[in-house]
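K.L.:
Let's see this in three dimensions:
(chains A and B)
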Amino acid sequence: MARNSLRRASAALVSTTCLAVLATACTGTDSGSADDGSAAGKDVTVTFWHGWSQENEVKAINDNIAAFEKKHPNIHVKVVGNIADDKSEQALRAGGSDAPDVVSSFTTDNVGKFCSSNVWTDLAPMLKKDGIDPAATFPAAMLKYSQFKGNQCALPLLGDAYGLYYNKTAFAAAGITAPPKTFSEFEAAAVKLTLADGDSFKQLGFMPNYHGYETSIAHYLGQFGSTYFGADGKSNVATDPTVTAALTWQKALVEKLGGFEKLEKFRTGFGDEFSAKNPFTAGQVAMALDGEWRTASLAEDKPDFEWATAPFPVPDDQAASYGRGYQTGTIIGIAKGSRKQTAAWELVKFLTTDTDAVVSFANAIHNVPSTLAALDSPKLDTDAAFRTFVDIAKNPNSSTTPASVNGGAYQVSLQNLSYEVEAGRQSDLKAGLAATAKEIDDAIDQAK
Amino acid sequence: MAVLSSSLPPVLRRKRRRERARTLAFLSPWLVGFGVFFAYPLVSTVYFSFMRYDGFAPPTFTGLKNWDYVLTKYPFFWQGLGNTLWLVAVMVTLRVAFGLGIGLLITKVRTGAGFFRTAFYLPYLAPPVAATMAFAFLLNPGTGPVNHLLGELGLPQPGWFTDPAWSKPALTLLAMWGVGDLMVIFMAALLDVPREQYEAAELDGAGSWQKFRYVTFPNITPIVLFAVVTGVIQTMQYYTQAIVAGKVASGVIGGSGQQFEPGYPHGSTWTLPQMVYSLGFQRFDTGSACVVAVILFALSMAFTSLLLRRRAGFLNEE
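P.N.:
Okay, here's the model as predicted:
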């Protein structure tokens, strides 16, 4: 009996070990080969996965690919659109001949994961070889979100900048003549533009709640220039005074505009963010913090009021930084496992650094160009509302959320605290920030 | 057995070996399925719970670090466990009670039973995502018709999916709406109860409640236990409705600087399966995701064993 048990236990142990070995054998990514012969004129086909799906976007990227193929007749590009990050991640894990060589992503927060796990190739040697100085080519904030700890595993491919949209008709009715530049001017305008309707609003000056679409804590912090991490890589949310200032300012604004509960009830009546029922388009709010893409939606939806854009205001004690904004965008990289690195780099280089390619793509899909040359290009869309965002992207004080080894987990931690503070569930801000900093550090330590 | 077997004549031994081989051959499809879809994932999950693995680089052994992180540092685990257990306790109880109640009523309806059966069964066929989105629309505190009606009647208008105190009850309401599967099972069981037992009970002067307590319930006990056991297992895996409701009600699309917050509002709809996804696929922390999966598996096993033991007790009593 004992011998049988022993035999069974041994068999179980052996099968467990086998399964474990099998499990480990399925992991890991292949390192690619640099020389694919494309430089010597050999025909090479690279596979490019991107996330764009709308007709005009797909046409715009295809036009750029056609221009690239014309320039590089021996490099052919197989384009696959409408790909989300989780799908490309799975493909990069699995590898194989159908896996993409070039990948783009809308989520800059994932750069840290892609770079630290070496799933995307470090592009620094290729940039160096071709004499491209990233700092002189790309805006600082965009360069920041496309690298992690010195690993330039991605490059920016068009960007997003956040600014203020305001209802000019409502401004005129309220006797406001110019867009606010500081938070005190902004608060006064928001209160003046708020029109009550019983226990709700006929028109709200501004929706400050963190779930009010683009009014996330990270977007607010862009106006304060917060840095998130100290030089030692540890979270500085508890020690950076701008974080405390941002949370305190938002809470005060919530109270001034009617309180959390009343605003939340109004917020839940908003239509879909990316539709003509967006609260700014529908006239429910007179001011909104939003990205440059909204200029295209508003031009199409034609609301029954005049509107304009301006940089989002800044804290009174940072008035000199007016013109800044939060920035993010699309990133593009090369799969580490790709065996067509030379051809893939030519494609990435063209899409990210060729001024005409960047400008035409930006004009076509109403995104901010991602090179300094393209931002200054005379061929760029001249629409005044859109130009506001081009200027925000050029502003050296504009900022972004930095790459982290575990993606945007640190933002989720800070977001959760912001919801607690806003709802009045966390009144000890100092203690809340200290706990959040510890939570962020623990999560990063776990991810290493 | 081994001693007996070795003392058998060679002819019989060969025959027995052939029988064993045949049995194994018949069992092999199941064995392969069991190995590939159950044993291998299970062993791998336990294995990876001790490894640092981001899905790309080869895994490295980290001992109990993942377990320590999930149980003592990951801020959502205990809240998610609490939510999951709440849903198991309340949702399963109410679903079984409601399914049984509807089944009892419909078996008593003389005319139009087919209509009611269909009406109560149809919601079960609605895809979970569509059903949840419809509920989020109906229960929207600002624009939903339900709160509008409650307001007209002078009743309080809850925040449903936006108020942490109401989010789980709202999900429970959604689960009860889709109770058609249980209703059908209970109806089949109720129609199988021998009529003579009711007649005998009536002769003994039993009222409606006594007939249910002493005739109906003992007859359908195995089905009730089946419903509870499968309900517990399903609810331990509760994912889609919670994540969709949270996403729709929060209005957060996601993207840089605007992370989707699972568990909206205020962590009240976090469940353990969502954590497996969030840790494994959003944070690339396969190790910690496996820890949560192992805990989930152990809890499911514990609940199921406990309930099946109770079931054996019930059957013995009969």
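
K.L.:
Give me every residue in the stretch 301-448 of chain A that's in contact range of chain B.
P.N.:
Residues of the stretch 301-448 of chain A lying close to chain B (CB under 8 Å from any CB of the partner chain) are A:326, A:328-329, A:400-401, A:406-409, A:411-413, A:415-416, A:419-420, A:423, A:425, A:439, A:442-443, A:446-447. Glycine gets a C-beta too; all of them are placed from N, C-alpha and C.

K.L.:
so how far is A:E185 from A:F224?
P.N.:
16 Å (CB to CB, to the nearest Å).

K.L.:
Hmm, I typed the wrong one, I wanted B:A189.
P.N.:
70 Å.

K.L.:
what do you get for B:T304?
P.N.:
B:T304 is 63 Å from A:E185, by CB to CB.

K.L.:
Going along the chain, name the strands of the stretch 101-250 of chain B.
P.N.:
In the stretch 101-250 of chain B, no segments count as strands under DSSP state E, counting those that start in this stretch.

K.L.:
and B:F284, what is it in contact with?
P.N.:
A:113, A:117, A:406-407, A:447, B:54-56 (CB atoms under 8 Å, 6 or more residues apart in numbering or on different chains).

K.L.:
Can you name the residue of chain B nearest chain A?
P.N.:
Residue of chain B nearest chain A, by CB to the nearest CB: B:G142 (3.2 Å).

K.L.:
dump the residue contacts of that residue.
P.N.:
A:265-270.

K.L.:
Next: A:R425.
P.N.:
Taking CB under 8 Å, 6+ apart as the definition, contacts of A:R425 comprise B:H266.

K.L.:
A:V191 now?
P.N.:
Counting by CB under 8 Å, 6+ apart, A:V191 has contacts A:205, A:256-257.

K.L.:
Next, the buried residues of the strand or helix carrying it.
P.N.:
Element membership for A:V191 (DSSP states H and E) is helix A:183-192. By 16 or more other CB atoms under 10 Å in any protein chain shown, the buried positions in helix A:183-192 come out as A:183, A:185-187, A:189-190, A:192.

K.L.:
Neighbours of whatever residue of chain A ends up closest to chain B, how many?
P.N.:
Closest to chain B within chain A is A:G269: 3.2 Å, counting by CB to the nearest CB. Neighbours of A:G269 under the rule other CB atoms under 10 Å in any protein chain shown: 15.

K.L.:
On the three-state scheme, it is what?
P.N.:
For A:G269, the secondary structure call by DSSP: H, G, I helix; E, B strand; the rest coil comes out as coil.

K.L.:
Chain neighbours aside, what residue packs nearest to it?
P.N.:
B:G142 (3.2 Å; CB to CB, 6 or more residues apart in numbering or on different chains).

K.L.:
Equivalent analysis for B:F281, please.
P.N.:
Closest to B:F281 by CB to CB, 6+ apart is A:D86, at 6.0 Å.

K.L.:
thinking again about what came up before, what two of the buried residues of helix A:183-192 are the furthest from one another?
P.N.:
The span of the buried residues of helix A:183-192, defined through CB to CB, is set by A:F183 and A:K192 at 14.6 Å.

K.L.:
Show the low-confidence segments of the stretch 1-150 of chain A, by residue range.
P.N.:
Low-confidence regions of the stretch 1-150 of chain A, defined here as pLDDT under 70, cover residues A:1-34.

K.L.:
Now do the strands in it.
P.N.:
So, for the stretch 1-150 of chain A - with DSSP E, counting those that start in this stretch - the strands run A:44-49, A:75-80, A:102-105.

K.L.:
is it possible to export the ones you listed to TSV including distance to B:A113 and mean neighbour count?
P.N.:
Shown next, in TSV, are these (distance: least, CB to CB, whole Å; neighbours: other CB atoms under 10 Å in any protein chain shown):
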stretch	distance to B:A113	mean neighbour count
strand A:44-49	54	21
strand A:75-80	53	17
strand A:102-105	55	26
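
K.L.:
Please convert the ones you listed to CSV, extending it with distance to chain B.
P.N.:
Below are the strands of the stretch 1-150 of chain A laid out as CSV (distance: least, CB to the nearest CB, whole Å):
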stretch, distance to chain B
strand A:44-49, 17
strand A:75-80, 20
strand A:102-105, 10
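
K.L.:
A:V285: which of those strands is closest?
P.N.:
So among the strands of the stretch 1-150 of chain A, strand A:102-105 is nearest, using CB to CB, at 30.5 Å.

K.L.:
For that closest one, name the packing helices and strands.
P.N.:
strand A:44-49, helix A:85-94, strand A:327-334, helix A:341-353 (3 or more CB pairs under 8 Å, 6 or more residues apart in numbering or on different chains; DSSP states H and E).

K.L.:
Could you rerun that using 7 Å?
P.N.:
Secondary-structure packing of strand A:102-105 (3 or more CB pairs under 7 Å, 6 or more residues apart in numbering or on different chains; DSSP states H and E): strand A:44-49, strand A:327-334, helix A:341-353.

K.L.:
For the shortest one, what is the distance to the chain centroid?
P.N.:
When distances are taken as CA atoms, centre = their mean, to the nearest Å, strand A:44-49 is centred 25 Å away from the chain's centroid.

K.L.:
Paired strands for that strand, with orientation please.
P.N.:
strand A:75-80 (parallel), strand A:102-105 (parallel) (DSSP bridges).

K.L.:
got the angle between it and helix A:341-353?
P.N.:
50 degrees (axes from the mean of the first three to the mean of the last three CA atoms, to 10 degrees).

K.L.:
circling back to that earlier point, which of the residues of the stretch 301-448 of chain A next to chain B fall in helices?
P.N.:
When those are checked against helices (DSSP state H), the matches are A:409, A:411-413, A:415-416, A:419-420, A:439, A:442-443, A:446-447.

K.L.:
between those residues, which is nearest B:A170?
P.N.:
The nearest one, if we look at these relative to B:A170 and count by CB to CB, is A:Y419, at 18.5 Å.

K.L.:
now for the longest strand seen in chain A, which elements pack on it?
P.N.:
Among all segments of chain A classified by DSSP state E, the strand with the greatest residue count is strand A:155-167. Here strand A:155-167 touches strand A:285-291, strand A:307-310, strand A:327-334, helix A:341-353, helix A:384-394, going by 3+ CB pairs under 7 Å, 6+ apart.

K.L.:
ok so, going back, Serialize the contacts of B:F284 to a markdown table and add fields for distance to A:V368 and neighbour count.
P.N.:
Formatted as a markdown table, the contacts of B:F284 follow (distance: CB to CB, whole Å; neighbours: other CB atoms under 10 Å in any protein chain shown):
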| residue | distance to A:V368 | neighbour count |
| --- | --- | --- |
| A:K113 | 24 | 29 |
| A:S117 | 28 | 21 |
| A:N406 | 27 | 25 |
| A:G407 | 23 | 23 |
| A:A447 | 30 | 22 |
| B:D54 | 31 | 23 |
| B:G55 | 32 | 20 |
| B:F56 | 31 | 21 |
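
K.L.:
of the residues you listed, closest to A:K42?
P.N.:
B:F56 (29.1 Å).

K.L.:
which one is that closest one nearest to, not counting chain neighbours?
P.N.:
Per CB to CB, 6+ apart, closest to B:F56 is A:S117, 4.2 Å.

K.L.:
Got the phi and psi for the residue of chain B closest to chain A?
P.N.:
Backbone geometry at B:G142, expressed as degrees, to the nearest 10, gives phi -90, psi -40.

K.L.:
What score does it have for pLDDT?
P.N.:
With respect to pLDDT, B:G142 has a value of 77.

K.L.:
care to break chain B down by domain?
P.N.:
Chain B breaks down into these structural domains: B:2-48, B:74-317 (assignment by automatic domain parsing).

K.L.:
Revised request: answer the last question for chain A.
P.N.:
Taken from automatic domain parsing, chain A resolves into A:3-160+A:328-394, A:162-321.

K.L.:
Check the separation of the first and last residues in the shortest one.
P.N.:
What it means is domain A:162-321. One end of domain A:162-321 sits 15 Å from the other (CA to CA, to the nearest Å).
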